[in-house]
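Novice: okay, here's the prediction I keep looking at, along with the sequence it came from:
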Amino acid sequence: MKTNEVFEKLWNQYSKKTPSAQKVKDLFEREGNTVFNDHIAIRTFNDPRVAIEVLAKPFIAMGYEPIGEYTFEAKKLYAKHFELKNDPTAPKIFISQLLVEEFSLKLQERVKAILDSLPNTAFEQEDLIVKGCLWDTPSFEIYQELQAESEYAAWMYVNGFCANHFTVDVNKLATFDSLEQVNEFLKTNGFKMNASGGEIKGTPDQLLEQSSILADVVPTSFKEGTKEITSCYYEFAYRYPKADGELFTGFIANSADKIFESTDMKLQSPK
Ligand code: OOG
Ligand code: NI
């Protein structure tokens with residue numbers, strides 16, 4: 001797949017299941033901005049059939065290289081970020097995986113059963129990253145059981161392979177000077193921020209400030225019927241220059257830890 005085609009497919013899938021993202025993008029554009037994408041993120045399980053290396057394949061084929069790695073002890077996650085070295089304007093890619101063996105045997109068996117239900121050819125598809133929930137219609141009972149151990153596992157079971165967020169490059173917005181201004185604008189327009197760890201994660205000293213709106217809650221098919229659960233979210237990033245004058249391109253584990261929670265059902269206010 002060509003670079004533009006991959007990002008177009010990812011955006012189409014993501015914006016369909018994340019109505020707020022298209023709304024926010026339209027709002028920025030109406031204010032006179034062009035919206036550039038700083039990075040996307042993809043989630044997976046560390047099973048060798050679908051681990052980071054497997055999902056990174058289409059990006060490696062485009063010339064992306066692994067740059068940074070991150071561990072999240074409490075959430076039992078590991079992540080890598082990838083950059084296209086010869087093109088600093090290309091979106092960065094953040095891929096994380098659930099460290100399945102660190103959870104209960106029951107969760108390990110659930111994940112294995114989900115993946116075993118598919119033929120190996122399913123994991124070899126070149127557009128695996130936009131295949132979503134490849135397996136059978138999920139069970140709400142299993143969703144809740146996974147959620148008790150890991151919001152990430154439960155989210156992954158239902159949403160599968162997709163960009164779980166795109167990220168507005170705030171440095172490139174013409175009518176905003178700071179992430180704080182962006183957040184005020186979003187709140188004025190009725191969007192709910194992920195306030196876990198503060199609305200702004202990271203500091204100028206860390207060279208990266210990030211915020212995100214809470215994931216949309218959308219009707220989702222379960223064996224037991226339709227339920228409202230989280231899909232994807234939109235992130236906003238402001239980067240500061242390093243000593244060499246170039247903008248910092250990495251991620252900050254402590255901030256990322258809180259950004260993950262944008263899809264947590266526990267952050268959603270009860271209806
Ligand atoms: C990724 C969360 C981390 C960032 O920019 O720090 C992240 C996720 O929600 O899968 O995107
Ligand atoms: Ni992000």
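Specialist: Right, received. Where do you want to start? Ligands and ions are numbered 1, 2, ... in the order given.
Novice: burial count for N86?
Specialist: By the criterion of other C-beta atoms under 10 Å, N86 has 8 neighbours. The C-beta positions use only the backbone N, C-alpha and C, and glycine is treated the same way.
Novice: quick check: pLDDT value at the closest residue to it other than its chain neighbours.
Specialist: On the basis of C-beta to C-beta, 6 or more residues apart in numbering, the spatially nearest residue to N86 that is not a chain neighbour turns out to be G63, at 6.8 Å. pLDDT, G63: 95.
Novice: hang on, isn't G63 packed against L84?
Specialist: Yes - judged on C-beta atoms under 8 Å, G63 makes contact with L84 at a distance of 5.6 Å.
Novice: dump the residue contacts of Q108.
Specialist: Contact analysis of Q108 by C-beta atoms under 8 Å, 6 or more residues apart in numbering lists V100, E101.
Novice: nope, L247 is what I was after
Specialist: With contact taken as C-beta under 8 Å, 6+ apart, L247 is in contact with N171, L207, R239, Y240, P241.
Novice: buried ones among those residues?
Specialist: Neighbour counting over those (16 or more other C-beta atoms under 10 Å) leaves N171, L207, R239 as the buried ones.
Novice: among the contacts of L247, name the ones in helices.
Specialist: Secondary structure from DSSP state H places none of the contacts of L247 in helices.
Novice: three-state assignment of the residue in the chain positioned nearest to ligand 1?
Specialist: Nearest residue of the chain to ligand 1: A256, at 3.1 Å (C-beta to the nearest ligand atom). Following DSSP: H, G, I helix; E, B strand; the rest coil, we place A256 in the helix state.
Novice: near it, how many other residues are there?
Specialist: When neighbours are counted by other C-beta under 10 Å, A256 comes out with 22.
Novice: T71 is in contact with that one, correct?
Specialist: No - using C-beta under 8 Å, A256 makes no contact with T71, being 10.4 Å away.
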